[in-house]
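In: Just the structure for this:
(chains A and B)
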Amino acid sequence: MLTILFDGVAYGMLLFILAVGLAVTMGLMNFINLAHGAFAMAGGYITVLLMQRLNVPFLVCLPLAFLGSALLGGVLERTLYRPLYHKSHLDQVLFSIGLVFMAVASVDYFVGSTQQIMQLPEWLKGRTEIGEGALMLGMGHYRLFIIAVCAALTVGLQYVLTKTRFGSRLRASVDDQRVAAGMGINVNIVFLSTFAFGSGLAGLGGALGAEVLGLDPSFPLKFMIYFLIVVAVGGTSSITGPLLAALLLGIADVAGKYYIPKLGAFIVYSLMIVILIWRPQGLFVRKGGK
Amino acid sequence: MQKRHLLRASAAAAMALATGLAVLPASAQDNVFKIGLILPMTGQQATTGRQIEAAARLYMAQNGDTVAGKKVQLIVKDDTSLPDVTRRMAQELVVNEKVNVLAGMGITPSAMATAPLATQSKTPLVVMAAATSSITEASPYVVRTSFTLPQVSVALADWAPKNGIKKVVTLVSDYGPGIDAEKYFNQRLAFNGGQVTEALRVPLRNPDFAPFLQKVRDAKPDALFVFVPSGAGAAVMKQFLERGLDKAGIKLIATGDVTDDDQLNDMGDGALGVVTSHHYSAAHPSPQNKKFVEAFEKANKGLRPNFMAVGGYDGMRVIYEALKTTKGAGGGDALLAAMKGQVFESPRGKVFIDAQTRDIVQDVYLRKVERVNGQLYNVEFDMIKDVKDPGKTK
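Out: Residues are numbered from 1 along each chain as shown, chains lettered A, B, ... in the order given. Sure thing, here's the model as predicted:
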């Protein structure tokens, strides 16, 4: 069924945008940031509130959601995250999960706990259908849009990390902070901008996902498992790993719910367990690499 | 020195005792009638709590807080929809506060967790929201003023075959109320000559409805019957349209949770024409309801009352009337007896607390979403009178 495949790809792409920021902070910066979903939620709420209260067009909201969450990420990195870089992973987990609960409570307090409903522009609401019968491919325009945004992001991200000067500085800072600093790289700035960028990506994911996944204050908790699965299965040393993992999980989830609805909810988890038994470091991770 | 100390201490103790007794006179305690209202005020079900609390306070504001010579005191507790928290709070309310009535209960597990406490302490438990059929069977002290899912699902299964809907796919959230809705809709539709071709259950925390709706589309039924908790309703409706199910000739029918009055306006024009069955709509055309909606919106900054609010409002009425009948005397058993069999005019229409089952018997309406004065409402177009919960065996 092509439609199911298409829906799965779109869902996977969405998971990818939501999780890729986590792959960046967790994999490259070696910080266990469970509060990643809170930044995604921030992006979602920025979009919804701008659209509902100020009638800002959807396409303008997306970059604003990115910038808003990136700014939030930047501020928090400077104030709260930086002192924890050298602490143990347990401290980082406790700190970031605390941050999640605070985010949930404050959104609940300020915005209320109802599901936020947003109205997409007309041109994103439609659907195009090609073909007949079993081979029919039905594509929701909004899902096409998600796929396009996501593909562009992946290419851009891959380029920045592997081909640009900033990419090499980042990789150098991660591998050995002292040497990198000695070489004249301002490690603090590199980390700050990386963290802000990762949070911005999460925010964009949240903004794009609010329509499909729904948005309420429990968002970071609800999707934390999905982010972690994507990053765990995909490995954290590259962008392609999480991408392929997200696609695999998205398709498996959608197809599983379609063909075997009774088992639907468990397919993602079973798949994760099988992959992790087979490759504990995640798919697409070189042996010996971090 | 020692003696003086001792004297002073004993004098102080005596004074403390005396003032203590003066501050806590037994007579003042006797004159207070306490209602422990346990609701989810934060978290996913917070709208339920907000609506019910607002309605309960409205009832008290309209009817005064002194009944049969007793001062009615409302103690609101937030259980965040966690059943073990509900249970703990109910225990505190019964043991420490000595409440006369327990009330509220946002979700089925909360009501189920509290029911044994109601039985042990012989405290009436007025369920104002939770809607699984079996709740009233969990304790002889449970009285319900909301509704049950079998009650409203069956009405839709009666209506559908008469309106050309024979083949139906059901889509429900996979938990108590959803399974109730699926089971009774299925049974009644089969009885009426229709057929449920496929029964889909969606995990309660489901991120994406796409695969399920695609399956519905490929099954090509006459209609899709949906029950999901009110927050998720909008998502189902949107994706129903996005996937072009309406263009494929599939009708969307649902219980009223999907077009919850609290959220209906935000759902946009996509909701227009959706047929649902429920016991309450803010647009119910009775003078009593008009007054209720007006007063509610005035007291709560334009918040529209939904079916949760009416459950809370009527729940307060049931408690007040029971207190009047017992004249403020008698314990939980007397109150319970006075709650059973109450017949009264609610904003939703005439209702009756069945003395046998302690569950509410009420009219169930069929409604269609329409635009009225620029706002979306569930406009009633048909009704089935005096629907008793079909989930009860006796």
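
In: Is there a neighbour count for A:Val24? I'd like the number.
Out: 26 (other CB atoms under 10 Å in any protein chain shown). Bear in mind the C-beta positions are built from the backbone N, C-alpha and C, glycine included.

In: my read: B:Glu53 touches B:Leu39, true?
Out: Yes. B:Glu53 lies in contact with B:Leu39 (CB atoms under 8 Å); the separation is 6.1 Å.

In: now the helices for the chain?
Out: No chain was given, so I picked chain A. Here chain A has its helices, by DSSP state H, at A:2-22, A:36-54, A:58-76, A:89-110, A:122-125, A:141-163, A:165-175, A:177-182, A:187-213, A:219-234, A:240-259, A:264-278.

In: Sorry, I should have been clearer: chain B.
Out: B:2-23, B:26-30, B:46-63, B:83-95, B:108-121, B:149-162, B:176-191, B:210-219, B:230-242, B:261-267, B:287-299, B:307-325, B:332-339.

In: where does the stretch 101-250 of chain A have low pLDDT?
Out: Applying pLDDT under 70 to the stretch 101-250 of chain A flags residues A:133-134.

In: can you list the residues of it near chain B?
Out: Within the stretch 101-250 of chain A, the positions adjacent to chain B are A:105, A:108, A:112-115, A:117, A:119, A:125, A:127, A:129, A:138, A:140, A:142, A:211-214, A:216-218, A:222-223, A:226 by CB under 8 Å from any CB of the partner chain.

In: which of those residues count as buried?
Out: A:108, A:113-115, A:117, A:119, A:125, A:127, A:138, A:140, A:142, A:211-214, A:216-218, A:222-223, A:226 (16 or more other CB atoms under 10 Å in any protein chain shown).

In: need the contact list for the residue lying closest to B:Val361 once chain neighbours are set aside.
Out: Nearest non-adjacent residue to B:Val361, counting by CB to CB, 6 or more residues apart in numbering or on different chains: B:Phe352, 4.4 Å away. By CB atoms under 8 Å, 6 or more residues apart in numbering or on different chains, B:Phe352 lies in contact with B:341-343, B:360-362, B:386.

In: Can you select the buried ones from the residues you listed in ChimeraX?
Out: This is the ChimeraX syntax for the buried subset of those, where burial follows 16+ other CB under 10 Å:
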select /B:342,360,361,362
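
In: re the thing from before, list residues touching both of B:Glu53 and B:Leu39?
Out: In contact with both B:Glu53 and B:Leu39: B:Val76, using CB under 8 Å, 6+ apart.

In: Near residue 168, how many other residues are there?
Out: Went with chain A since none was named. Neighbour tally, A:Ser168, other CB under 10 Å: 13.

In: was after chain B, sorry
Out: B:Val168: 27 neighbours (other CB under 10 Å).

In: Okay, and the beta partners of it?
Out: Here B:Val168 sits in beta bridges with B:Val196, B:Ala223, going by DSSP bridges.

In: so how far is B:Phe225 from it?
Out: To B:Phe225, B:Val168 is 5 Å away according to CB to CB, to the nearest Å.

In: Can you tell me which residues in the stretch 251-394 of chain B are near chain A?
Out: Residues of the stretch 251-394 of chain B lying near chain A (CB under 8 Å from any CB): B:262-263, B:266-268.

In: right, and out of those residues, which lies closest to chain A?
Out: B:Asp266 (4.3 Å; CB to the nearest CB).

In: Would you mind confirming that that closest one is in contact with B:Ala234?
Out: Yes. The criterion here is CB under 8 Å, and B:Asp266 meets it with B:Ala234 at 7.1 Å.

In: These two - which one has more neighbours?
Out: It is B:Ala234, of B:Asp266 and B:Ala234, that has more neighbours when counted by other CB under 10 Å, with 26 against 16.

In: Enumerate every residue touching that one.
Out: A:115, A:117, B:263, B:266-267.

In: If we use 10 Å, what do you get?
Out: A:114-118, A:214, B:228, B:258-260, B:263-264, B:266-268, B:270-271 (CB atoms under 10 Å, 6 or more residues apart in numbering or on different chains).

In: Quick one: low-confidence residue ranges for chain B.
Out: For chain B (pLDDT under 70), the answer is B:1-30, B:206-207, B:393-394.

In: who's in contact with B:Arg57?
Out: By CB under 10 Å, 6+ apart, the contact set of B:Arg57 is B:37, B:74, B:76, B:299-300, B:312-313, B:316.

In: what are the bridge partners for B:Lys350, then?
Out: Counting by DSSP bridges, the residues bridging with B:Lys350 are B:Glu345.

In: Double-check it against B:Ile360; I have them as touching.
Out: No. With contact defined as CB atoms under 10 Å, B:Lys350 does not reach B:Ile360; the gap is 11.0 Å.

In: what's the neighbour count on residue 248?
Out: Looking at chain A here, since you left the chain open. Around A:Leu248 there are 20 residues (other CB under 10 Å).

In: try chain B instead
Out: Using other CB under 10 Å: B:Ala248 sits among 12 other residues.

In: How about the one 5 residues further on?
Out: By other CB under 10 Å, 25 other residues sit near B:Ile253.

In: That one touches B:Trp159, doesn't it?
Out: Yes. In this structure, B:Ile253 is within contact of B:Trp159 by CB under 10 Å, at 8.3 Å.

In: on that earlier part again, and B:Glu53 and B:Leu39? which has more neighbours close in?
Out: B:Leu39 (29 against 21).

In: residue contacts, the more buried one?
Out: Taking CB under 10 Å, 6+ apart as the test, what B:Leu39 contacts is B:45-46, B:48-53, B:56, B:76-81, B:86, B:103-106, B:110, B:128-129, B:308, B:312.

In: now do 7 Å
Out: B:48-49, B:52-53, B:76, B:78-79, B:104, B:106 (CB atoms under 7 Å, 6 or more residues apart in numbering or on different chains).
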